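Student: Let me see the structure of the following:
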Amino acid sequence: MQYPFKEAKDGVGKAMNSSDDKVLVIHDERMLQHRPDVDERFLPGRLDRRVREILDGLAVKWHYPEHPGRLSAITQRLEANPLPGISFREGRPASNAELARVHTRSYLREIDRLRDQHAWLDVDTTAVSPGSVEAAEVAAGSAIVAVEAIIHGEAQSAFALCRPPGHHAESVRARGFCLFNNVAVAAAHAREALGCERVLVVDWDAHHGNGTQEIFWASPGVMLVDFHRAAPFYPGSGHLTDVGAGLGEGYTVNVPLPGEVGDLGMLRAFREVLVPAADWFQPDLILVSAGFDPHRLDLCMNLTHDGFRNMTRVIQELAAQHCDGRAAFVLEGGYHLDALSQGVRAVLETLAGGSVPELVEPGYPEVEEAAAFHRGAFSEEP
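Tutor: Below you'll find the predicted structure:
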C-alpha cells in the first residue's frame with residue numbers, strides 16, 4: 001500500500017529523544033471496512049429486537065459512533081501536517097492462535113460465523129457488518145506489528161491506529177464497539193512470543209478497560225493501570241478496590257476519576273499512582289490503550305491536548321527508565337473527530353521529541369495578564 005503522507009523536512013524542538021529515534025505508525029485501510037449501520041437489516045433474533053427497541057425509544061436518531069471517519073480524520077491531519085521522524089507501516093491480520101491467547105476458541109468460532117454478515121453482538125450496540133471480522137483481525141494484528149517493531153529495535157516507539165477498538169472486549173464477549181481486545185492480544189504476544197516477562201498496560205481512555213481487566217485479572221505477568229471516569233459511567237466497572245485476584249492480586253490498579261478532572265488532576269494521578277506502580281513492577285514493555293475521549297470536546301472528561309502531551313512524556317520517561325524506551329500505543333476511543341485527530345498528532349509529536357508545555361489551570365495566564373494590565377489603575381503611585 002502506498003501512503004499519501006509527505007516526508008516532513010522541518011525539525012521540532014527536542015526535549016527528550018535524539019533525532020535518530022523513530023516513531024512507527026501502523027495503519028491499514030482494511031480496518032475501514034468495519035461499517036455497522038443501524039439502518040441495515042441485522043440477523044433476526046431476540047438481541048436484534050432488543051436493540052431495535054432501545055434505538056426506537058431514543059428521542060433523536062442514533063448513528064453508530066465508531067465509524068471509518070475516525071481513522072480517516074487522523075490520517076488526513078497527518079497528511080496535511082506531517083511530522084518529522086514518523087514512518088508508516090501496514091498491519092496484518094492476527095492469526096487464530098494469536099487471538100486465542102486471550103479469547104476462548106468457542107468465542108472465536110462464533111465471531112467467525114458472523115463473517116460477511118450484519119449482526120448485533122450485544123445490547124450495548126456492538127455490531128458487525130461485512131468486512132468487520134477481517135477489520136478486527138487486522139486491528140489486533142496491527143497492535144502485534146507495533147510491539148514486534150519496538151522489540152526488534154526497528155522503532156523506539158509505535159502507534160497502532162486500530163479500529164474497531166478493543167479494551168472492552170472480554171475473553172468470551174464483545175462489548176463497547178470492541179470485538180477483539182487489541183492491547184491484550186499484543187501484551188500476550190509480547191510475553192508468549194517475544195520474551196517479555198512483565199508487560200505494563202496503561203489505559204487512559206475515558207471508559208474503563210473492563211475487557212483488559214477481565215483477561216489479566218489473575219495474571220502477575222501483566223499489570224493494568226487504568227485511568228477512567230468513575231462508575232456509573234459506562235461500563236460501570238473499574239472500582240478503586242478492584243485489584244485483581246489470586247496470583248494477580250495487586251496487578252490491577254484502577255484510578256476512577258470524576259468527569260470534571262482536567263490536565264492537572266490527570267497528570268498528578270500519573271505521577272502519584274502510575275510512576276510508583278511502574279517502579280515497583282519493573283516492566284519489560286509498556287503498552288498504552290490510548291483513547292482520546294477524555295478530551296473536553298468529547299464531553300467525557302476535561303483534558304486538553306497539552307494534557308495528552310504531558311501524559312505521553314511520563315510514559316516515555318518510564319519506558320526510558322525501565323525498558324530501553326520501548327512503548328507502543330494502541331488506539332481506543334475518541335469520537336469528536338477534531339479532538340481525536342489533533343490528540344493523536346500531539347502524542348506522535350511528543351514521541352518524536354517535541355517539547356511539552358508546562359500545564360496551568362485554564363484561564364490562569366489570561367487572569368495574570370489582566371491583573372498586570374489593570375494593577376496600575378488602582379495604585380496611587382505615578
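Student: how much distance is there from stretch 312-322 to the middle of the chain?
Tutor: The chain centre lies 17 Å from the centre of stretch 312-322; the measure is Cα atoms, centre = their mean, to the nearest Å.
Student: Thought Leu32 was touching Leu71, still the case?
Tutor: Yes - with contacts counted by Cβ atoms under 8 Å, Leu71 reaches Leu32, the gap being 6.3 Å. (C-beta placed from N, C-alpha, C; glycine too.)
Student: the more surrounded of those two?
Tutor: Between Leu71 and Leu32, Leu71 has the larger neighbour count (other Cβ atoms under 10 Å), namely 22 against 18.
Student: So which residues of the stretch 151-300 of the chain form strands?
Tutor: Assigned by DSSP state E, counting those that start in this stretch, the strands in the stretch 151-300 of the chain fall at 157-160, 199-203, 222-229, 252-257, 285-290.
Student: I meant to write the stretch 1-150 of the chain there.
Tutor: For the stretch 1-150 of the chain, applying DSSP E, counting those that start in this stretch gives strands covering 23-26, 86-89, 119-120, 127-128.
Student: Show me how far the last one is from its chain's centre.
Tutor: The chain centroid and the centroid of strand 127-128 are separated by 20 Å under Cα atoms, centre = their mean.
Student: So for Asp21, what's the pLDDT?
Tutor: The per-residue pLDDT reported for Asp21 equals 52.
Student: residue nearest the centroid of the chain?
Tutor: Geometric centre of the chain, nearest residue: Ala290, 2.1 Å, by Cα atoms, centre = their mean.
Student: Can you tell me who that residue pairs with across the strands?
Tutor: Beta-bridge pairing for Ala290 (DSSP bridges): Leu331.
Student: who touches it in this structure?
Tutor: Listed by Cβ atoms under 8 Å, 6 or more residues apart in numbering, the contact set of Ala290 reads 159, 204-205, 329-332, 344, 347.
Student: likewise Pro65?
Tutor: Contacts for Pro65 were tallied using Cβ under 8 Å, 6+ apart; they are 177, 335.
Student: Compute the distance between it and Gly343, please.
Tutor: Noted for Pro65: a distance of 16 Å to Gly343, by Cβ to Cβ, to the nearest Å.
Student: can you give me the helices for the stretch 201-350 of the chain?
Tutor: Using DSSP state H, counting those that start in this stretch, the helices of the stretch 201-350 of the chain run over residues 210-215, 263-269, 275-281, 305-322, 337-351.
Student: Pick the most deeply packed of those.
Tutor: Among the helices of the stretch 201-350 of the chain, helix 210-215 has the highest mean neighbour count (mean count of other Cβ atoms under 10 Å), at a mean of 25.
Student: Touching that one from outside, list them.
Tutor: Residues from elsewhere that reach helix 210-215 (Cβ under 8 Å, 6+ apart): 102, 166-171, 173, 175-176, 178, 181, 183-184, 201, 203, 224, 226, 235, 237-238, 242, 252, 254, 289.
Student: repeat for stretch 336-344
Tutor: 69-70, 73-74, 76-78, 159, 161, 290, 292-293, 295-299, 305, 308, 331, 334.
Student: circling back: list buried residues within the contacts of helix 210-215.
Tutor: Taking 16 or more other Cβ atoms under 10 Å as the criterion, what is buried in the contacts of helix 210-215 is 102, 166-170, 173, 175-176, 178, 181, 183-184, 201, 203, 224, 226, 235, 237-238, 242, 252, 254, 289.
Student: Now stretch 334-341 - C-alpha only, CSV.
Tutor: Provided in CSV are the C-alpha atoms of stretch 334-341 (Å, rounded to 0.1, in the frame of the first residue of the first chain):
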residue,chain,number,x,y,z
GLY,A,334,-12.3,9.2,20.8
TYR,A,335,-15.4,10.3,18.8
HIS,A,336,-15.0,14.0,18.3
LEU,A,337,-13.1,13.9,15.0
ASP,A,338,-11.1,17.1,15.5
ALA,A,339,-10.2,16.3,19.1
LEU,A,340,-9.3,12.8,18.1
SER,A,341,-7.1,13.7,15.2
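Student: pLDDT of that stretch, averaged?
Tutor: 98.
Student: same check, this time on stretch 191-208
Tutor: Mean per-residue pLDDT for stretch 191-208: 98.
Student: do stretch 322-329 as well
Tutor: Mean predicted lDDT for stretch 322-329 stands at 97.
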